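In: no sequence for this one, just the structure:
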């Protein structure tokens, strides 16, 4: 793989690998809570603490394929740096959701809502990249510079809760 191609995906790959480590962390928390509550290996039946950890892990797992799809689409079709930044923000928010779910379930709500907003941002970036492709294909108009400028300007706004 040449350096230019690698350079266009390296940030996305880093965020993806960080998300894999985070998934492993979540799974280890489920395993630890299962052993702590049951004294044996993994068993689905357990205490309310185990149920919270298990449910938080399941909820994060259900959203994971969507996150990966929009992360890579936004990074490849629009702009890598803002997509990677949004991906890191999503991982931070997912961690906040997971930890919040272990306490009171209402503590997980801000993380959930913030995560939805980041997924929407990545989806809109993907759609802008697709739109730009078809504008080039049919009309010869390239708005890539404008789209990258807008996404670079908007991505820091994701920090606002």
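Out: Done, it's in. Not measured: the values here are computed from a predicted model.

In: now residue 118, nearest residue through space, not along the chain?
Out: Distances taken as Cβ to Cβ, 6 or more residues apart in numbering place residue 90 nearest to residue 118, at 4.5 Å, with adjacent residues excluded. No exception for glycine: its C-beta is placed from N, CA and C like everyone else's.

In: the one you found: helix or strand, and which one exactly?
Out: Per DSSP states H and E, residue 90 falls inside helix 80-102.

In: what's the model's confidence in that helix, averaged?
Out: For helix 80-102, mean pLDDT is 92.

In: what do you get for stretch 120-127?
Out: Stretch 120-127 carries an average pLDDT of 95.

In: kindly report the same for stretch 144-152.
Out: What stretch 144-152 shows for mean pLDDT is 85.

In: just stretch 64-77 next, same as before
Out: Rounded mean pLDDT across stretch 64-77 is 96.

In: what residues does it touch?
Out: The contact list for stretch 64-77 (Cβ atoms under 8 Å, 6 or more residues apart in numbering) reads 8-9, 11-12, 15-16, 19, 23, 82-84, 86-87, 90, 119, 122-123, 125-126, 128-130, 132-133.

In: buried subset of those, written for PyMOL?
Out: Per 16 or more other Cβ atoms under 10 Å, the buried members of the contacts of stretch 64-77 correspond to this PyMOL selection:
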select buried, resi 9+11+12+15+16+19+82+83+84+86+87+90+119+122+125+126+128+129+132
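
In: of the contacts of stretch 64-77, which belong to helices?
Out: Mapping those onto helices (DSSP state H) picks out 11-12, 15-16, 19, 23, 82-84, 86-87, 90, 119, 122-123, 125-126, 128-130, 132-133.

In: how about the helix holding residue 90: buried residues?
Out: 80, 82-91, 93-94, 96-98, 100-102.

In: so what's residue 88 closest to, chain neighbours aside?
Out: Using Cβ to Cβ, 6+ apart, the closest residue to residue 88 is residue 15 (5.9 Å).
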